[in-house]
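Q: return a 3D structure for these sequence lines:
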Amino acid sequence: MDEETKKAIAEAKQNSTPENRAKAEEKICQNGANNKLSNLITNIRNKLKKSNLTKSEKEAVINEIIKFILADNKYQKEAYKIKRHEVDALLAELRGEKEKQEGISVTRLKYLELHESQK
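A: So this is what the prediction gives:
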């Protein structure tokens, strides 16, 4: 748990106002999403180090990352914003691509393509 979250929890325990409790809950939720994304990145990096992933295994982990990014969860979206560069680099590595295409991240391109195809 990060220091900001610990501080918000301590403040909510000391002065249990609705605002302090809400702030602590927000910090806890965001911290959880940040940790979830960090763990996902770490697990995928470990898989890459241990062996050469097959094309289908790479597609599965790419889909797992994209699913996290596109979730209708504000905490996950914020976690992605925080680690965007790391996530985009990992996706590019998995796809065997350069991280950027004409200044637009590969993830952003895939996101735009996905949403355009749904229209």
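Q: would you map the helices across this structure?
A: With helices called from DSSP state H, the chain shows them at 3-14, 18-50, 55-70, 74-82, 84-95, 106-117.
Q: and the third one, what's its mean pLDDT?
A: With pLDDT averaged residue by residue, helix 55-70 scores 92.
Q: please apply the same query to the first one.
A: In this model, helix 3-14 has a mean pLDDT of 92.
Q: ok, residues contacting it?
A: Applying Cβ atoms under 8 Å, 6 or more residues apart in numbering, the external contacts of helix 3-14 come out as 20-21, 23-24, 26-28, 30-31. Every C-beta, even on glycine, is put in place using the N, C-alpha and C of the backbone.
Q: need these in CSV (columns: distance to Tyr80).
A: Conversion of the contacts of helix 3-14 to CSV gives the following (distance: Cβ to Cβ, whole Å):
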residue, distance to Tyr80
Asn20, 27
Arg21, 26
Lys23, 22
Ala24, 23
Glu26, 17
Lys27, 18
Ile28, 18
Gln30, 12
Asn31, 15
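Q: redo the helices of the chain as TSV? Include mean neighbour count.
A: Listed next are these as TSV, based on neighbours: other Cβ atoms under 10 Å:
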stretch	mean neighbour count
helix 3-14	14
helix 18-50	15
helix 55-70	14
helix 74-82	17
helix 84-95	17
helix 106-117	13
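Q: for Ala71, phi and psi?
A: Dihedral pair for Ala71: phi -60, psi 150, per degrees, to the nearest 10.
Q: ok, it - contacts?
A: Contacts for Ala71 were tallied using Cβ under 8 Å, 6+ apart; they are Lys77.
Q: all set, thanks.
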